[in-house]
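**Student:** Sequence plus the predicted model coming up.
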Amino acid sequence: MDTAGRIRRKVDVSRGHHLWTGSKDAFGNGQMRINGKLTTVRRVVWELHHGPLTSNHRVDVTCGESSCVRSAHLSVSETNSRTTSKQPAGKQHRVQHRKGAGNMRERRPGVWELTATAGKYSDGTSRRMYRTVHADGAVTAAAELASFVSSFAVNRVSRRGICGA
Ligand SMILES: [Zn+2]
């Protein structure tokens, strides 16, 4: 028996709908196996009438009967998987990016304040170290910063408050 015949055999057409009497999922949506793959009957009916759908397509019922599979009572919509998988906020990414990194800024000509962030305390606050260096320019300051950050990474200080601002 073909698919359309299998469906016809399991629908109740007595009330103007095509109510599915076969197996249903937890939401009352009719489901059936096509070539061993479980799918919704609505989807199968839609494809029989209108052609193949992609996995981004969703077939909904418009008449309010969740088990209805009458093609005239179905509508198809396209879901956008890109919006559903969108990451919540950039905060976590920024923290990861800055992990173990350093910042520097020129306090006054030739004097640079270096800030190194390395790890977190047990209460979740970032562990920061500060150092003021004399440097004749941004390149020298960046070299100082790199050495500050790396020395800091090697000589890990486990107790809080040793090198606070
Ligand atoms: Zn219906």
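**Tutor:** Ah, there it is.

**Student:** pLDDT weak spots in this structure?
**Tutor:** Within the chain, the stretches with pLDDT under 70 are 81-100, 152-165.

**Student:** how does it look with 80?
**Tutor:** The model of the chain has pLDDT under 80 over residues 1, 80-101, 117-121, 125-127, 150-165.

**Student:** Contacts only, for Arg42.
**Tutor:** 29-30, 59-61, 69, 74 (CB atoms under 8 Å, 6 or more residues apart in numbering). Any C-beta I mention is one placed from the backbone N, CA and C, and that applies to glycine too.

**Student:** nearest to the ion, of those?
**Tutor:** Comparing the contacts of Arg42 against the ion with CB to the ion picks out Val61 as the nearest, at 6.4 Å.

**Student:** Leu145: neighbouring residues, count only.
**Tutor:** Close neighbours of Leu145, defined as other CB atoms under 10 Å, add up to 23.

**Student:** My read is that it contacts Met104, right?
**Tutor:** Yes: contact criterion CB atoms under 8 Å: Leu145 and Met104 qualify, at 4.8 Å.

**Student:** Next, show the common contact partners of those two.
**Tutor:** Contacts common to Leu145 and Met104, judged by CB under 8 Å, 6+ apart, are 112, 114.

**Student:** Please parse the protein into its domains.
**Tutor:** 3-78, 102-159 (automatic domain parsing).

**Student:** Present the contacts of Arg42 as CSV; the columns should include neighbour count and secondary structure.
**Tutor:** CSV is the format used below for those (neighbours: other CB atoms under 10 Å; DSSP: H, G, I helix; E, B strand; the rest coil):
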residue, neighbour count, secondary structure
Asn29, 19, coil
Gly30, 27, strand
Val59, 22, strand
Asp60, 13, strand
Val61, 20, strand
Val69, 27, coil
Leu74, 20, strand
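
**Student:** will you turn these into TSV that also has distance to the ion?
**Tutor:** Output for the contacts of Arg42, formatted as TSV (distance: CB to the ion, whole Å):
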residue	distance to the ion
Asn29	13
Gly30	12
Val59	13
Asp60	12
Val61	6
Val69	8
Leu74	8
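
**Student:** and these, which two are the farthest apart?
**Tutor:** Spatially, the most separated pair among the contacts of Arg42 is Gly30 and Asp60, at 13.0 Å (CB to CB).
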